[in-house]
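K.L.:
Provide a 3D model corresponding to the input given below.
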Amino acid sequence: MALILYTIVIGFILYYLLNLRTLLNRHPRPLPPGPKPWPVIGNLPHLGPMPHHSIAAMARTYGPLMHLRLGFVDVVVAASASVAVQFLKTHDANFSNRPPNSGAKHIAYNYQDLVFAPYGPRWRMLRKICSVHLFSAKALDDFRHVRQEEVAILTGALASGGKTAVNLGQLLNVCTTNALGRVTVGRRVFGDGSGGGDAKAEEFKDMVVELMVLAGVFNIGDFVPALEWLDLQGVAAKMKKLHARFDSFLSAIIEEHKITISGVAGGPQKHTDFLSTLISLKDDTDADAEGGKLTDTEIKALLLNLFTAGTDTSSSTVEWAIAELIRHPKILAQAQKELDSIVGPDRLVTESDLAQLPFLQAIIKETFRLHPSTPLSLPRIAAESCEINGYYIPKGSTLLVNVWAIARDPGHMGRASRVQARPIPTRW
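P.N.:
Coordinates of the predicted model:
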């Protein structure tokens, strides 16, 4: 009898502890619908190996605005364009920051980069630097020849292969990395750009791919903070090791660049690449100006953002485009016909030709639609509680936008859902 009573008491205590968070967090309005969470771990088991697929499937049951509980973190998911607009346009100021996460802490120089830095003067300074010196119309035009030269090298490497199989993924990664390298640090990162047997190219691609994989892992320490120090999955240890490799890579580039700029042998040399601009801004920026002086750590963090966000994402998207064209030979034939009529067989396509190639532009748009480089957008966090479509969004909630699901929403396509998984260039 005593044992039965003891068991009942322990059961009540466990039930109370597991539901304590719910009892303490009564909300004035209902939360968005969603699957019932498990104790402690919440909805983490519902995500599966491909979270954007799993979440899209759940949205068909619970609607385009869902609430999940991942560990002890409230997560809201926008799975339609209209709901995403509510978060990113109507309530954009409330969702302007990123939630704390192990990737930003251990890889991105402890939130000192552009992607994860908190919104404020320093973030605005970094964004302004990129907008003016890297992404402005003038900057893009100034570096057009770099992009076209690297694409020409890629084309030559593919043509010289003849009927021999080539590692297209590596060649594309070398092309994008070298183009970005010439723009940012004034030189190619990998050899002559042909990619043939380039061990450094493969190592760098592996580093970037590992970073993308680690960034996509749902680290339990991010969602159950009490377990963060245990590093149960070993994710933090892998991130620290990867950060050390990236830091060594970036530090070597910066030191070599400083030596080149100082012109040890022939006097100071003038450079027009992005890193030279960052170094000059570091020396010229007034410490009292908004955002303060640029630091060496911020320069490395910014370069890390550019090399990781601008290399594998670009090359893998082009790889998807080629794969889709091979899978759909009629679309490939129509694209070839357009190129033959506008460009002709005697020269390469240039960026100035793109305006006259509407079918090629449509293929590019369809590739972005079907294969977004980040199927789930980088997370944001609610600074304050708010209301979206009549539902209560608690302060501190993490926002995920399912870009993959939105792009395949038949409501925006005007066709049956069964055709959303294939490219439809003619719709553009």
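K.L.:
okay, CA-based contacts and neighbour counts for the rest of this
P.N.:
Noted.
K.L.:
which SS class is the most centrally placed residue in the chain?
P.N.:
Centroid-nearest residue in the chain, with C-alpha atoms, centre = their mean: Thr374, separated by 5.0 Å. Here Thr374 is coil, with the state taken from DSSP: H, G, I helix; E, B strand; the rest coil.
K.L.:
chain neighbours aside, what residue packs nearest to it?
P.N.:
Val403 (7.5 Å; C-alpha to C-alpha, 6 or more residues apart in numbering).
K.L.:
quick one: the one you found and Pro372 touch, right?
P.N.:
Yes: between Val403 and Pro372 there is a contact at 7.2 Å, judged by C-alpha atoms under 8 Å.
K.L.:
what's the residue nearest to Thr374 in contact with, if anything?
P.N.:
Taking C-alpha atoms under 8 Å, 6 or more residues apart in numbering as the criterion, Val403 is in contact with Ala79, Pro372, Thr374, Pro375, Leu376, Ser377.
K.L.:
how about TSV for these, with pLDDT and distance to Val343 added?
P.N.:
Output for the contacts of Val403, formatted as TSV (pLDDT from 0 to 100; distance: C-alpha to C-alpha, whole Å):
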residue	pLDDT	distance to Val343
Ala79	96	40
Pro372	95	28
Thr374	91	33
Pro375	93	34
Leu376	93	37
Ser377	92	37
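K.L.:
give me the buried positions along the helix ranked longest in the chain.
P.N.:
In the chain, assigned by DSSP state H, the helix with the most residues is helix 235-262. Buried residues in helix 235-262, defined by neighbour count with 16 or more other C-alpha atoms under 10 Å: 235-236, 238-240, 242-243, 246-247, 250, 253-254, 257, 260-261.
K.L.:
and for stretch 30-45?
P.N.:
Leu31, Pro32, Pro33, Gly34, Pro35, Pro37, Val40, Ile41, Gly42, Asn43, Leu44.
K.L.:
from the chain's centroid, how far away is it?
P.N.:
26 Å (C-alpha atoms, centre = their mean, to the nearest Å).
K.L.:
ok, now stretch 96-110?
P.N.:
The answer for stretch 96-110 is 13 Å, by C-alpha atoms, centre = their mean.
K.L.:
again, but for stretch 216-225
P.N.:
The answer for stretch 216-225 is 18 Å, by C-alpha atoms, centre = their mean.
K.L.:
buried among the contacts of Val403? Make that a ChimeraX selection.
P.N.:
Here is the ChimeraX selection string for the buried members of those, based on 16+ other C-alpha under 10 Å:
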select :79,372,374,375,376
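K.L.:
mind putting the contacts of Val403 into JSON lines with distance to Phe72?
P.N.:
Shown next, in JSON lines, are those (distance: C-alpha to C-alpha, whole Å):
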{"residue": "Ala79", "distance to Phe72": "22"}
{"residue": "Pro372", "distance to Phe72": "29"}
{"residue": "Thr374", "distance to Phe72": "24"}
{"residue": "Pro375", "distance to Phe72": "24"}
{"residue": "Leu376", "distance to Phe72": "20"}
{"residue": "Ser377", "distance to Phe72": "21"}
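K.L.:
with the contacts of Val403 in mind, which one is nearest to Ala137?
P.N.:
The closest of those to Ala137 turns out to be Pro372 (C-alpha to C-alpha; 24.0 Å).
K.L.:
what sits against that closest one?
P.N.:
Pro372 neighbours (C-alpha under 8 Å, 6+ apart): Thr317, Val403, Trp404.
K.L.:
what's the neighbour count on the last one?
P.N.:
Looking back up the chat, that one is Trp404. Counted by other C-alpha atoms under 10 Å, the residues lying close to Trp404 total 23.
K.L.:
contact partners for it?
P.N.:
His52, Arg369, Leu370, His371, Pro372, Pro375, Leu376.
K.L.:
try Pro32
P.N.:
Taking C-alpha under 8 Å, 6+ apart as the test, what Pro32 contacts is Leu65, Met66, His67, Val76, Tyr391, Tyr392, Ile393.
K.L.:
helix, strand or coil for it?
P.N.:
Looking at Pro32 with three-state DSSP, the answer is coil.
K.L.:
per-residue pLDDT, it?
P.N.:
Looking at Pro32, its pLDDT is 97.
K.L.:
do the same with Phe190
P.N.:
For Phe190, the model assigns a pLDDT of 80.
K.L.:
ok, the one 10 residues further on next?
P.N.:
Each residue has a pLDDT score; the one for Lys200 is 66.
K.L.:
and if you look at Asp288?
P.N.:
50.
K.L.:
next: Gly263.
P.N.:
With respect to pLDDT, Gly263 has a value of 63.
K.L.:
now Lys163
P.N.:
For Lys163, pLDDT reads 85.
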